[in-house]
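could you work out the structure for the sequence below:
(one chain, ligands or ions: 3)
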Amino acid sequence: MIDIQEYKTPQQTNLLKNQSGKKKLYIETYGCQMNVADSELVVSVLQKHGFSVTDDIQQADVILVNTCSIRENAETRVFGRLELFKSIKKKKRNLLIGVIGCMAERLKKQLLEDSRMVDLVVGPDAYRDLPKLVAEAESGQKAINVLLSREETYADLSPVRYDSNGISAFVSIMRGCDNMCSYCVVPFTRGRERSRDPESILREIQELLDLEYKEVTLLGQNVDKYNWNNGEINFAQLLEKVALKAPNMRIRFSTSYPQDMTNEVLYTMSKYQNICKYIHLPVQSGNSRILEKMKRGYSREWYMERIEAIRRIVPDCGISTDIITGFCSETQEEHQDTLSIMQWAKYEFAYMFKYSERPNTFAARNFPDDVPDDEKTRRLQEVIDLQNKLSLESNQKDVGKIFEVLVEGTSKKSEERLFGRNSQNKVVVFNKKNHQIGDFVQVKIVDCSSATLLGESL
Ligand code: SAH
Ligand code: SF4
Ligand code: F3S
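Ligands and ions are numbered 1, 2, ... in the order given. Below you'll find the model as predicted:
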């Protein structure tokens, strides 16, 4: 997961927005990049049925909130937003409010029962049905479709990149997840794992090339399980096809899975200059007993071997991770194993979370959530403190180096500075000169913080 919010660039002027005479859709997106990609599909579906997108919530005829269930606080945030939407609806009776995405799938009709203000509930595999469901809701009925599918990949739809910087785009290559990690709600909210037709992926890449995009991120909960036509095309082969199709575009992917990430993928990365040297490889815990309880399917040693393979085959690769603290029955020593694997792996970056019990998952049904909340917080803080130190050390090693940076926008702090990322996915801020958003710029790093590299363009 990338912090898409933090460095959000100004919105591209989009002629498709606010078209007069059309019904107005306001859409808000929470959760992972998959949801960002899905919202683009949702807009594509509704645009064909007379909607245009608005950024002004007060103008909306329909408000959709694309939701996340991954942790309890993700859901709490959305319930907070729903309160605001409801207050708007009180003044505008024919406004429709729809909950889509993972919370829609998890809570289903409970969302309609608990709140008379919610008109629509639509799960991640039912977006093609949106025009019909919106029409139903317009006629005053509550509308719901939360059917999951074994086949749906929306392969033929062209996402509308309504909130894009025009530089970088997400392309879903698969949907769902079959891993069933014991803490995780995704297999329930997103359904079975399925891969998208490679031809349709390449077609979407061509559309991005036509629009002069400079970077694409291939998305899946476990991209290493990509499998088209019973082994005809695996993830490494797909990656190669994409790299060849778009030699001048940066190619990224997320998320890699330690159990399944092959050396073949690593060799493909090292072979193509346009595939970014960056892997997000969530470890979750550094302790083998906890990993087994999490049903991750690998041990500490296996994970370390995979990191060694990355360092060997793609020596300049940036590596980031996800960590959960305070999973059921985790002891102090086991938590130390997480700290020690972080120290060993020297991650460039990490997303760090307290364990949040999710209803009906294997862990919720079988293990008591027995690490007290303040202890989870304490462990999380240790993990965050260590990661800040590791990120700073990693950035300090880059001072003096020259990187190619793809410019994504103007720095929030100064109009005179631009920001972008290097191949390793580190944020680089540098002086503007005559460079434009979308340029590839050679930047020499002169200073850093734990979060950012500071440089001068050459
Ligand atoms: N498919 C990806 C992750 C998707 S969810 C993978 O397996 O690597 C993103 C991250 O949220 C996970 O990596 C995990 O660290 C965190 N997460 C998932 N469920 C969680 C839970 N119940 N409590 C806390 N964090 C959780
Ligand atoms: Fe959840 Fe595990 Fe699937 Fe990731 S791989 S989405 S953590 S079940
Ligand atoms: Fe993504 Fe959250 Fe759903 S992380 S898959 S939006 S539960």
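
what residues does the stretch 51-200 of the chain have near ligand 2?
Cys177, Asn179, Met180, Cys181, Cys184, Val186, Pro187 (C-beta under 6 Å from any ligand atom). C-beta here means a position set from N, CA and C on the backbone, and glycine is covered the same way.

okay, and the third one sits in which element?
Counting by DSSP states H and E, Met180 is held by no secondary-structure element, helix or strand.

correct me, but Gly409 touches Arg421?
No - contact between Gly409 and Arg421 fails when scored by C-beta atoms under 8 Å: they sit 10.9 Å apart.

the more surrounded of the two?
Per other C-beta atoms under 10 Å, whichever of Gly409 and Arg421 has more neighbours is Arg421, with 25 against 16.

list the contacts for that one?
Shown in contact with Arg421 (C-beta atoms under 8 Å, 6 or more residues apart in numbering): Val405, Leu406, Glu408, Val427, Val428.

swap in Ile310?
Per C-beta under 8 Å, 6+ apart, neighbours of Ile310: Leu266, Ile279, Leu281, Cys317, Ile319.

so who does Phe367 touch?
Per C-beta under 8 Å, 6+ apart, neighbours of Phe367: Ser182, Lys293, Cys328, Ser329.

ok, so of the residues of the stretch 51-200 of the chain next to ligand 2, who is nearest Ser87?
Val186 (31.5 Å; C-beta to C-beta).

does the residue nearest to that closest one when sequence neighbours are not counted belong to a helix or a strand, and which?
In space, and not counting its chain neighbours, Val186 is closest to Cys177: 4.9 Å by C-beta to C-beta, 6 or more residues apart in numbering. Using DSSP H and E, Cys177 sits in no helix or strand.

and Cys177, how many neighbours?
The criterion is other C-beta under 10 Å. On that basis, Cys177 has 22 neighbouring residues.

and the residue of the protein closest to ligand 3?
Closest approach between the chain and ligand 3, counting by C-beta to the nearest ligand atom: Gly31, at 2.7 Å.

can you check the pLDDT for that residue?
We have a pLDDT of 97 for Gly31.

tell me the secondary structure at it.
coil (DSSP: H, G, I helix; E, B strand; the rest coil).

in contact with it, which residues?
So Gly31 contacts Asn66, Thr67, Cys68, Ile70, Ala74, Gly101, Cys102 (C-beta under 8 Å, 6+ apart).

what do you get if the cut-off is 7 Å, keeping everything else the same?
Gly31 makes contact with Thr67, Cys68, Ile70, Ala74, Gly101, Cys102 under the criterion C-beta atoms under 7 Å, 6 or more residues apart in numbering.

and the gap between it and ligand 2?
Look at Gly31 and ligand 2: by C-beta to the nearest ligand atom, to the nearest Å, they are 12 Å apart.

with Glu75 instead?
16 Å.

repeat that for Val383.
17 Å.

kindly report the same for Ser168.
23 Å.

got the buried residues for the helix or strand encompassing Glu305?
Assigned by DSSP H and E, Glu305 belongs to helix 300-313. Using 16 or more other C-beta atoms under 10 Å as the test for burial, helix 300-313 gives Arg300, Tyr303, Met304, Arg306, Ile307, Ile310, Ile313.

now swap in stretch 355-367 and tell me
Neighbour count says stretch 355-367 has Tyr355, Ser356, Arg358, Thr361, Phe362, Ala363, Ala364, Phe367 buried, by 16+ other C-beta under 10 Å.

Arg161: what secondary structure?
Per three-state DSSP, Arg161 ends up coil.

which bits of the stretch 301-450 of the chain sit near ligand 1?
So the stretch 301-450 of the chain meets ligand 1 at Asp322, Ile324, Phe353, Tyr355, Ser356, Arg358 (C-beta under 6 Å from any ligand atom).

run a quick neighbour tally on the second one.
Right, Ile324. 27.

does it sit in a helix, a strand or a coil?
Ile324 is classified as strand under three-state DSSP.

also the third one?
When the structure is split into helix, strand and coil by three-state DSSP, Phe353 lands in strand.

need the nearest residue in space to it, chain neighbours excluded.
With C-beta to C-beta, 6+ apart, the residue lying closest to Phe353 is Ile324, at 5.4 Å.

cool, and the first one?
Across the structure, with C-beta to C-beta, 6+ apart as the measure, the residue nearest Asp322 apart from its sequence neighbours is Pro282 (3.6 Å).

verify the stated contact: that neighbour with Ile324.
No - contact between Pro282 and Ile324 fails when scored by C-beta atoms under 7 Å: they sit 9.1 Å apart.

how close does Val283 sit to Ile167?
30 Å (C-beta to C-beta, to the nearest Å).

same check, this time on Lys225
On the measure of C-beta to C-beta, Lys225 and Ile167 end up 29 Å apart.

Gly420 now?
For Gly420 relative to Ile167 (C-beta to C-beta), the value is 9 Å.

compare those two and say which is more crowded by neighbours.
A direct count of neighbours by other C-beta under 10 Å for Gly420 and Ile167 places Gly420 higher, at 30 against 20.

for Ala451, give me its contacts.
With C-beta under 7 Å, 6+ apart, Ala451 has these contacts: Ser391, Val427.

which pLDDT value belongs to it?
So Ala451 comes in at 96 (pLDDT).

phi first, then psi, for it.
Backbone geometry at Ala451, expressed as degrees, to the nearest 10, gives phi -100, psi -20.

next structured bit after the helix or strand of the chain with the lowest mean pLDDT?
Counting by mean pLDDT, DSSP states H and E, the weakest-scoring helix or strand in the chain turns out to be helix 110-114, with a mean of 91. As assigned by DSSP H and E, the chain's next helix or strand after helix 110-114 is strand 120-122.

how far does stretch 220-236 sit from its chain's centre?
Relative to the chain's own centre, stretch 220-236 is displaced by 19 Å; criterion: C-alpha atoms, centre = their mean, to the nearest Å.

fine, thanks again, bye for now.
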